[in-house]
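Enquirer: the following comprises the amino acid sequence and a computationally predicted model.
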Amino acid sequence: MSRSVLVVGGGGREHALCRALSQSESISDVHVTPGNAGTANYATNHPISASDIDGLVSLSQTLCVDYVIVGPEAPLCDSLADILLEHGIPCFGPQAIHAELEGSKLFAKEAMRRANVPTADYMVLDSSSDIESALSSYSGNPWVIKRDVLAGGKGVVVTTNAQEATDFINDSIQTDGHVLLESFLPGEEASMLVVMDASGFVCLPPSQDHKRVWDGDKGLNTGGMGAYCPAPVVTEEIHRKVLERIVKPMHESLSGMDVPYRGVLYVGLMIDEHGDPFVVEFNVRFGDPECQVTLPLIASDVGELLFAAATDSLDNYSVSFHDKHCLTVVLASEGYPQSAKKGRVILGAELAGDADDAWVSHAGTGTDDSNTLISTGGRVLATTAIAPSLAEARVLSYQRLGMISLQGSHYRNDIGHRAL
Ligand code: AMP
Ligand code: GLY
């Protein structure tokens, strides 16, 4: 079987997807839009933005691709999968009704309540609410406040500062009409990516992201500064609980609906001191950078797996994994995550290269008029490595990172610290 595929998006996640697809025997042609300087090594880049839904549909038709894989959540919330399906093009990525699991925290909470999935208690606040008494009823721990809209990673505040909490609640109510106040879940976070369709699901090995910008989990929240997979915090026993309490009930509930969920459900987990897992969030796409460390561990044909999920044939498909460890370290622009300095020359990325055991994953990269590699975003690139042990993957990954220079850039030195 030889299929062509279009990947939508242009970050590190899409680089990882293009790389894995280019290594899949089932795939003959990989297209990506808009891609980045790194995806061009494995795929044909196209200039259509991931927010141009009509443009994406007509590109898929022009290219006659066998299916489309959607990287980011926004086009899914904007009905890209629905429109592709109307045109007879299979899509890896759920239809808009399911994309609300990421687009609306309240929708996700209600879906979890229906499926009896463990998550934090919450209340909804609006302009008629007594905010002071709401805050006092959730006092004693940091307050967790979540906007009920897609906010590009900036929709959640976790704080012990009552004024900050009050301000964020008021601002959110003003812009969105309401906001969620949620009880704080103590514990350790992990991510579980579950590929699913109406017929079945496949849990990919659990991973762990590093969301804070500085070493020791200090500083502002980011899109993710590095990740590793598998994450040993998810022991076999905890994995079993995640399967029984979260994945199976969610799959049963979603596959019982008129529209099946076809794509990957990202389950953001908090594991408490008793080893009990709770859902912190759902995303309807691969995590970034979790995708970069998870796909390389799939020994089976990734293109076939994702096509199976896009066409409701996962039940006929069995997946095997490498008994290895993968780790990625993100190099970020000066100023990230606040205001990233862009347009600077990146040196050494080619030297760091693309070997079987270690490679550069591009994210915010492009080329200038003289074809020099430059930074175009906050998270610029990452160095990823796969090895028999996590410690070896870590060494390889940091070795590659040491070959790259970008003025003012920064990265975390402690990726993998919880497991090492
Ligand atoms: P979310 O976008 O819902 O994943 O929230 C962003 C981050 O806030 C998560 O990765 C957690 O680190 C933190 N967070 C969210 N909800 C909670 C919670 N109920 N308790 C503790 N931390 C949370
Ligand atoms: N790395 C977290 C996310 O993709 O949402």
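Expert: In hand now; what should we look at? Ligands and ions are numbered 1, 2, ... in the order given.

Enquirer: strands of the stretch 301-420 of the chain, start to end?
Expert: Along the stretch 301-420 of the chain, counting by DSSP state E, counting those that start in this stretch, strands occupy 325-332, 358-362, 365-367, 373-375, 379-387.

Enquirer: out of those strands, which gets nearest to Asn45?
Expert: Among the strands of the stretch 301-420 of the chain, strand 365-367 comes nearest to Asn45, with 10.2 Å by Cβ to Cβ. In this view, the C-beta of every residue, glycine as well, is placed from N, C-alpha and C.

Enquirer: and the closest one, which strands flank it?
Expert: Paired with strand 365-367 in the same sheet, following DSSP bridges, are strand 373-375 (antiparallel).

Enquirer: what average pLDDT does the partner strand get?
Expert: What strand 373-375 shows for mean pLDDT is 96.

Enquirer: and the contacts of it?
Expert: Strand 373-375 has contacts (Cβ atoms under 8 Å, 6 or more residues apart in numbering) with 37, 333, 340-346, 349-350, 364-368, 406, 409.

Enquirer: ok, now with 6 Å
Expert: Ala37, Ser333, Lys342, Gly343, Arg344, Val345, Ile346, Ala349, Gly364, Thr365, Gly366, Asp368 (Cβ atoms under 6 Å, 6 or more residues apart in numbering).

Enquirer: quick revisit: dump the strands of the stretch 301-420 of the chain into CSV; add mean neighbour count and distance to ligand 1 as well.
Expert: Output for the strands of the stretch 301-420 of the chain, formatted as CSV (neighbours: other Cβ atoms under 10 Å; distance: least, Cβ to the nearest ligand atom, whole Å):
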stretch, mean neighbour count, distance to ligand 1
strand 325-332, 28, 16
strand 358-362, 26, 21
strand 365-367, 19, 26
strand 373-375, 23, 26
strand 379-387, 27, 16
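
Enquirer: got those strands as TSV, with distance to ligand 2 columns?
Expert: Output for the strands of the stretch 301-420 of the chain, formatted as TSV (distance: least, Cβ to the nearest ligand atom, whole Å):
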stretch	distance to ligand 2
strand 325-332	10
strand 358-362	13
strand 365-367	19
strand 373-375	20
strand 379-387	10
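
Enquirer: just the helices in the chain please.
Expert: For the chain, applying DSSP state H gives helices covering 12-22, 53-63, 74-77, 80-86, 96-103, 105-115, 131-137, 162-176, 236-242, 248-255, 290-294, 302-310, 349-352, 390-402.

Enquirer: what number of residues lie near Ala43?
Expert: When neighbours are defined as other Cβ atoms under 10 Å, Ala43 has 25 of them.

Enquirer: try the one 3 residues further on
Expert: Using other Cβ under 10 Å, His46 has 18 neighbouring residues.

Enquirer: just checking, Arg212 touches Gly219?
Expert: Yes. Look at Arg212 against Gly219 with Cβ atoms under 6 Å: they come within range, at 5.2 Å.

Enquirer: one step back: now the strands of the stretch 301-420 of the chain as TSV including distance to His178?
Expert: Conversion of the strands of the stretch 301-420 of the chain to TSV gives the following (distance: least, Cβ to Cβ, whole Å):
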stretch	distance to His178
strand 325-332	33
strand 358-362	38
strand 365-367	39
strand 373-375	38
strand 379-387	31
